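Engineer: Sharing a model prediction with you, sequence too.
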Amino acid sequence: AVAFGFPLFFYRFWNLFDTFIVLISLVSYVEKAVPAFNPLRLIRIFRAVKLLRRIKKLHRIISALVSAIIPVCNSFVLFGFVTMIYATVGVHLFADAPGQDGHFESFFQSLFTMYQVSTGDAWASNIARNLYHGDDDSVSLYAGVFFTSFQLIAGCVLMNIVVAVLLDEFLMAMGRMRAEEDANTAYIKGCESDQHPLDPLFDLLSVHRNPQDLRHSIRGLFHRLDTDISSYLDYEETVRGLRRLPVFKTAGLYLSQEDWEGMVAGVA
């Protein structure tokens, strides 16, 4: 704190965390009779998280997983919504049925039961078959349709959707980070060699017979990059389209976000 100055030292989260750990350790060492401080000393194990920032590839994976939290949570909300609907229906159908063994006596018991069914943990032998082989044929019919439909919807479809969303967001985040790293590397090389990432394309466009031929070439290039036919190009669509051009398949393309923003600055 003295070396960096108190304002700069306490500006970083990890410095605050280390300070808190030191204070807790000192207090627990002096006041050994206070048992409340003993669990707080376990917080020191979280200092191992700092190692993730030092291992570059591991830090990249963790950052990609963190960026996928919100989309995955949205998928879990859909899964929870369907589970609560089935839990409510389960209480209505099986609360008084023989053989339900307390699985559907209340909403929360039914909710936990449906979660067990979605995991596939002995739901057929311990839950469904007790209802399916009851004395009431209507209950048996309800049980068969109820559990089979829920297992197909929640266990097979929705759980796979959660995994698919996680993988999709993870791969997109990893792709963005790799593109940023490549763009930064190309930017450094460009600064050293005093070249622009789009110099091969500019050289190709410079070969034109007249202004009309140049406008036609630029218009054709724009339509080729505008794959979604939205009459608008964002950074990711521009990079994807340029990398498909023959001139960049051999030379490679590393266009940074800053370079793209500088190109489109002031364009209406």
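Structural biologist: Ah, there it is.
Engineer: drop to CA atoms for contacts and neighbour counts, all remaining ones
Structural biologist: Will do.
Engineer: where does the stretch 1-150 of the chain have low pLDDT?
Structural biologist: Within the stretch 1-150 of the chain, the ranges that satisfy pLDDT under 70 run 1-14, 28-29, 31-54, 132-139.
Engineer: ok, now the stretch 151-268 of the chain?
Structural biologist: Confidence mapping of the stretch 151-268 of the chain against pLDDT under 70 gives the ranges 183-184, 186-197, 199-200, 247-256, 264-268.
Engineer: Apply 50 and report the result again.
Structural biologist: Low-confidence segments of the stretch 151-268 of the chain, defined by pLDDT under 50, span residues 268.
Engineer: Which residue ranges of the stretch 1-150 of the chain form helices?
Structural biologist: According to DSSP state H, counting those that start in this stretch, the stretch 1-150 of the chain carries its helices in the segments 6-9, 13-30, 37-41, 51-54, 56-67, 69-94, 107-119, 123, 129-132, 137-150.
Engineer: Of all the helix elements in the protein, which one is longest?
Structural biologist: Scanning the chain for the helix with the most residues, using DSSP state H, yields helix 159-193.
Engineer: what packs against that one?
Structural biologist: Under the contact criterion of 3 or more Cα pairs under 8 Å, 6 or more residues apart in numbering; DSSP states H and E, the helices and strands touching helix 159-193 comprise helix 56-67, helix 69-94.
Engineer: so what's Val79 up against?
Structural biologist: Not Val; residue 79 is Phe. Contacts here follow Cα atoms under 8 Å, 6 or more residues apart in numbering; on that basis Phe79 touches 154, 158-159.
Engineer: Of those - the most surrounded one?
Structural biologist: When neighbours are counted by other Cα atoms under 10 Å, Ala154 leads the contacts of Phe79 with 22 neighbours.
Engineer: returning to what we had before: helices or strands up against the helix or strand just after the longest helix of the chain?
Structural biologist: The helix or strand immediately downstream of helix 159-193 is helix 199-205, counting by DSSP states H and E. Using 3+ Cα pairs under 8 Å, 6+ apart as the contact criterion, the elements in contact with helix 199-205 are helix 211-225, helix 246-251.
Engineer: With that, I have no additional questions.
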